[in-house]
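J.: Fold the stuff below for me.
(chains A and B)
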Amino acid sequence: MLDIKFIRENRDLVAKGAQKKHINFDLDGLISLDDQRRELTASVEKKRAEQNLVSVKVTRATPAEKQLLIESMRHLKEGMQEEEERLKEIMQKWQAIMLQVPNIPDMSVPDGESDADNKEIKSWGEKTAFDFEPKDHVELMVGLQMADFERGVKVHGFRGYFLSGDGVRLCFAIWNYALAFFGKDFIPFMTPSLVRKIALYGTGYLPGSADDFYMTQDEDALAGTAEVPLMALHSDETLEMKDLPKRYLGFSPCYRREVGAHGKDVKGLIRVHEFYKFEQLVLCEANHETSVKFHEEINRNTEQFIESLGIPYRTVLNCGADLGLGQVKKYDIELWVPKEGKYREISSASYFHDFQTRRMNIRYKDPEGKLRYAHSLNCTAIPTPRILVSLVENFQQKDGSIKIPEVLAKYLGKDNISA
RNA sequence: GGAGGAGUGUCGGAGUGGUCUAACGAAACAGUCUUGAAAACUGUCACCCGGGCAACUGGGUCGUGAGUUCGAAUCUCACCUCCUCCGCCA
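T.: Numbers count the residues shown, from 1 in each chain, chains lettered A, B, ... in the order given. As a prediction, this is how the structure comes out:
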């Protein structure tokens, strides 16, 4: 959410920002609605002031005077009630629209129509070359009994999967390694995946993508990322400035309906309804430079994690159309998938300025004693099992076995997975 | 699942229809005193929206939302959260 004062004073900026994100919204409509809101509010408050004044008089009046005063109040109230009714309607519309005003993308965000227009800003490692015909991760993992997709579909349905044997052990090794790697600077959290809808509004996922979430019969949602509960963790709180920045590492199951992706990635572990993810989240002081600094930092953390595994990757700067409602700027890290011959996203680093914290009401007191909305950022640390796709495909051997990177071998207890 | 109780500022806590501009206490901060500290004393001690260059000023906020009333922290309803007991389960 943006500040209405900011919107009014920077209409061009807001309009251009929305355009860059390819989001349609009626800015003029919002401004004229806000004009009405201001006008009506002023009028109602004036009447209420009069009411308060008379109210005090009533307490000191004689019984006869009291009757007269109460009569006059009745008239005042009739006019006020009508206005309050209208104000209430306007406020409802106003709030609904305010929740849909997109945050303004950074200058450095490239224009573009879709993720195809994201700009590669870095690539690391040599694309893996094989002196044999490589297999895809489905064939490899099924062959090594690390996963079972047929029975996964039987039990769960479309996009269902079981992990088993070394597939499970490998996941645990990755988790343990990730906990040690990121846990140095970040406080680990296991978060609730069942969240109230308010947490989705606060993070900016709602309104807008209601179809992406599984809902329970109690109207709670299954979060698609630990970002949601971790942001809600400090909602309605005033933090101590000395405690900033907060660096949190969320670990949680993640649930996604993938309704907009019915035909996409139907095989394997790329796109599943249920997975696990470590997520970095930062709350810091409200300062653009600080946000930028942490944005680079958390993205670099994930790059370094991938580098330590030795998987070739590239980093892209997302274009305007590929930014969410609240995001100012976003980097995606994509890992090389040999059998597909392309890079696939495994991480997303974004910053929001105070877009989320304003909705969540997360503030801190600055040195002048002024309350300010903190800034928020988040970045994937590591998603499982998606990471396994690149891991097993890049490190497969001619005999169908998988060589395990040294840093993981320590946690797995062996340096290869074979039949 | 059933029965009952509670929610007031940073914390404790008073207030059950109009002098609430929310008492009082604690903590915190500043000052006086002191070699320094403690104690004592004095003062400060919410947030949101609007108007004003400013001093200041209008409105709102007592878990949340609706309602009753000329007037609500106080009465009614719904919801949220917590506590106690019973039941069920581990």
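J.: Quickly list what A:Lys277 is bridged to.
T.: A:Ser252, A:Pro383 (DSSP bridges).
J.: right, and it touches A:Ile387 too?
T.: No - using CB atoms under 8 Å, A:Lys277 makes no contact with A:Ile387, being 9.7 Å away. Quick note: C-beta positions are derived from backbone N, CA and C, even for glycine.
J.: Give me the distance from whichever helix or strand A:Thr380 is part of to the chain's centre.
T.: Element membership for A:Thr380 (DSSP states H and E) is strand A:375-384. Distance of strand A:375-384 from the chain centroid (CA atoms, centre = their mean, to the nearest Å) equals 8 Å.
J.: And that strand, what does it pack against?
T.: Judged by 3 or more CB pairs under 8 Å, 6 or more residues apart in numbering; DSSP states H and E, strand A:375-384 is in contact with helix A:165-182, helix A:227-232, strand A:274-284, helix A:288-309, strand A:342-351, helix A:355-360.
J.: So for the helix or strand following it, mean pLDDT?
T.: Next helix or strand after strand A:375-384 toward the C-terminus (DSSP H and E): helix A:386-394. Average pLDDT, helix A:386-394: 95.
J.: Just the angle for helix A:386-394 relative to helix A:165-182, thanks.
T.: With axes from the mean of the first three to the mean of the last three CA atoms, to 10 degrees as the basis, helix A:386-394 and helix A:165-182 are set at 110 degrees to each other.
J.: could you give the angle of helix A:386-394 to strand A:375-384?
T.: On the basis of the same axes, to 10 degrees, helix A:386-394 is oriented at 50 degrees to strand A:375-384.
J.: could you say what helices and strands helix A:386-394 packs with?
T.: Under the contact criterion of 3+ CB pairs under 8 Å, 6+ apart, helix A:386-394 touches helix A:137-143, helix A:165-182, strand A:329-337, strand A:342-351.
J.: who's in contact with whichever strand or helix holds A:Thr315?
T.: According to DSSP H and E, A:Thr315 maps onto strand A:313-317. If you take CB atoms under 8 Å, 6 or more residues apart in numbering as the criterion, strand A:313-317 is touched by A:108-110, A:118-125, A:299, A:303, A:306, A:329-336, A:343.
J.: show me the contacts for the residue of the stretch 301-419 of chain A found nearest RNA strand B.
T.: Nearest residue of the stretch 301-419 of chain A to RNA strand B: A:Leu371, at 4.3 Å (CB to the nearest atom of the strand). Counting by CB under 8 Å, 6+ apart, A:Leu371 touches A:Thr238, A:Arg363, A:Tyr364, A:Lys365.
J.: If we only consider those, which is nearest to A:Trp175?
T.: Taking CB to CB as the measure, A:Trp175 sits nearest to A:Tyr364 out of those, at 32.0 Å.
J.: quick one: the closest one and A:Thr357 touch, right?
T.: No - using CB under 8 Å, A:Tyr364 is not in contact with A:Thr357, being 9.4 Å away.
J.: Pull up the overlap in contacts between these two.
T.: Contacts common to A:Tyr364 and A:Thr357, judged by CB under 8 Å, 6+ apart, are A:Ala374.
J.: Show me what the lowest-mean-pLDDT helix or strand in chain A is packed up against.
T.: Among the helices and strands of chain A, helix A:63-98 carries the lowest confidence by mean pLDDT, DSSP states H and E, at a mean of 80. Applying 3+ CB pairs under 8 Å, 6+ apart, we find helix A:63-98 packed against helix A:27-60.
J.: again, 10 Å this time
T.: Using 3 or more CB pairs under 10 Å, 6 or more residues apart in numbering; DSSP states H and E as the contact test, the elements touching helix A:63-98 are helix A:4-9, helix A:27-60.
J.: Just the buried positions in the last one, please.
T.: So that's helix A:27-60. A:Leu30, A:Leu33, A:Asp34, A:Arg37, A:Leu40, A:Ser43, A:Val44, A:Lys47 (16 or more other CB atoms under 10 Å).
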